[in-house]
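Chemist: here is the input, now give the coordinates:
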Amino acid sequence: MKNMSYEEFKKQLLRILRERLRDSMKSEIIPVNKNNGIMKETVGIENGIDGLKPLVYVESLYDQYCIGADLSTCVSFVVGLYRAMPDLHMEQYFETWEAVKPRITVRVVNWEWNKDELRDIPHKKYMDLAVYCRVVLAQNEDGIVSTVVKNSMLRYLEIEEKELWEAARNNFHKDNYLIRHIDEETGLTGSYLNKFLNLSDQEDETYILTNEYHNNGAVGMMRFDLLESFAAQKECNLYILPSSLNEVILIPDRGDRTPDFLRSLVKKNNKDYPEEGDLSENIYYYRRGKKQLEIIL
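Modeler: This next block holds a predicted model:
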């Protein structure tokens, strides 16, 4: 049987979802700005009592459908996700700054590509990047539900921006970031990294830095304690390639790769895999002992 088109899949997905959900629940397609101005369509479910809508990218569901998952399986996944999520009400998390403070986490995006969205968001510019904060509402082994910290939230909580960054810095150094050999990566990310690097003779010197959820883990490149320990272990400086918002690639500088070549790999990756969320087209460099990054190209 021939696969449905994306538009037909989306139409049928919503139809079956609405049949399976109670009348009090509303399902809809919601366009969202994922990052860097890229718009993505998501499936949202609302229970009518101001609970958060769990969002699932329609494109991801359609990809699974195209490789063999039937439509009912895709629907069941959305419904299962909704039922597995707790009812989250924003006000319960924002009663006091003391309740919010341990939930602050940091993220990083490209400053130039996101400067319009960053206007109402407290952020720090670092090289060509912008670091900003989110509040974690819920998390488990499957991932994190969070909301961005805006200036209006600081006013509501009656705190200064410096208090936000102090909490963010303390929490950041408690978060679990990992450096793994590329061969340990599995699934989509591992396959596309192997494909775009195309460096079979040097695979033993290619590593991934991300967080335990492999989601928005690129900010781990600012964990200089981890970079310093890794550089000391490898006894050399490090190239850092921004493969996506989810992770960065670490390559020990053995003098056998030029910045021009590495940058061409990043630009090709950004072009071929825009859905991963681009971070930058620049190459970063970490020098042992200095505990800072620099753009080298």
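Chemist: quick check: next helix or strand after the helix or strand hosting Ile251?
Modeler: Element membership of Ile251, judged by DSSP states H and E, is strand 248-252. Once the chain leaves strand 248-252, the next helix or strand it forms, by DSSP H and E, is helix 259-272.
Chemist: for Ala130, grab phi and psi.
Modeler: Dihedral pair for Ala130: phi -130, psi 130, per degrees, to the nearest 10.
Chemist: ok, it to Trp113 distance?
Modeler: Per C-beta to C-beta, to the nearest Å, Ala130 is found 9 Å from Trp113. C-beta here means a position set from N, CA and C on the backbone, and glycine is covered the same way.
Chemist: got it, and His181?
Modeler: Going from His181 to Trp113 by C-beta to C-beta gives 30 Å.
Chemist: repeat for Asp256
Modeler: 31 Å.
Chemist: Val108 pairs with what?
Modeler: Taking DSSP bridges as the rule, Val108 bridges to Val131.
Chemist: for the host helix or strand of Phe77, name the packing helices and strands.
Modeler: Assigned by DSSP H and E, Phe77 belongs to helix 71-84. With contacts taken as 3 or more C-beta pairs under 8 Å, 6 or more residues apart in numbering; DSSP states H and E, helix 71-84 sits against helix 6-20, strand 38-46, strand 55-57, helix 58-66.
Chemist: now do the helix or strand that it is followed by: distance to the chain's middle.
Modeler: Where DSSP H and E defines the elements, the next helix or strand beyond helix 71-84 is helix 97-100. Helix 97-100 sits 24 Å away from the centroid of its parent chain (C-alpha atoms, centre = their mean, to the nearest Å).
Chemist: what does helix 97-100 rub up against?
Modeler: Helix 97-100 has contacts (C-beta atoms under 8 Å, 6 or more residues apart in numbering) with 93-94, 135, 157-159, 163.
Chemist: in the stretch 101-250 of the chain, where is pLDDT below threshold?
Modeler: 139-144, 185-204 (pLDDT under 70).
Chemist: and the buried ones among the contacts of helix 97-100, selectable in ChimeraX?
Modeler: Typed into ChimeraX, the line below selects the buried ones among the contacts of helix 97-100, using 16 or more other C-beta atoms under 10 Å:
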select :93,94,135,157,159
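Chemist: now tabulate the contacts of helix 97-100 in a markdown table and tack on distance to Tyr65 and secondary structure.
Modeler: Formatted as a markdown table, the contacts of helix 97-100 follow (distance: C-beta to C-beta, whole Å; DSSP: H, G, I helix; E, B strand; the rest coil):
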| residue | distance to Tyr65 | secondary structure |
| --- | --- | --- |
| Tyr93 | 35 | helix |
| Phe94 | 38 | coil |
| Val135 | 34 | strand |
| Leu157 | 43 | helix |
| Glu158 | 48 | coil |
| Ile159 | 46 | coil |
| Glu163 | 47 | helix |
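Chemist: between Asp256 and Trp113, which is the more surrounded one?
Modeler: Trp113 (19 against 10; other C-beta atoms under 10 Å).
Chemist: relative to Leu279, how far out is that one?
Modeler: 9 Å.
Chemist: now do the shared contacts for the two.
Modeler: With contacts defined as C-beta under 8 Å, 6+ apart, no residue is shared by Trp113 and Leu279.
Chemist: mind jotting down where the strands sit in the stretch 101-250 of the chain?
Modeler: 104-110, 123-126, 129-140, 143-148, 177-181, 207-211, 238-241, 248-252 (DSSP state E, counting those that start in this stretch).
Chemist: which one of these lies nearest to Lys268?
Modeler: strand 238-241 (11.2 Å; C-beta to C-beta).
Chemist: each with direction, which strands does that closest one pair with?
Modeler: In its sheet, and by DSSP bridges, strand 238-241 pairs with strand 248-252 (antiparallel), strand 284-286 (antiparallel).
Chemist: what lies in contact with the first one?
Modeler: To tie it back to what came earlier, the one meant is strand 248-252. Residues contacting strand 248-252 (C-beta under 8 Å, 6+ apart): 179, 182, 193, 197, 205-210, 218, 220-221, 227, 230-231, 234, 236-243, 257, 262, 279, 284.
Chemist: tell me the mean pLDDT for stretch 43-59?
Modeler: Mean per-residue pLDDT for stretch 43-59: 65.
Chemist: surely Val131 and Pro122 touch.
Modeler: No: with contact defined as C-beta atoms under 8 Å, Val131 does not count as touching Pro122 (9.7 Å).
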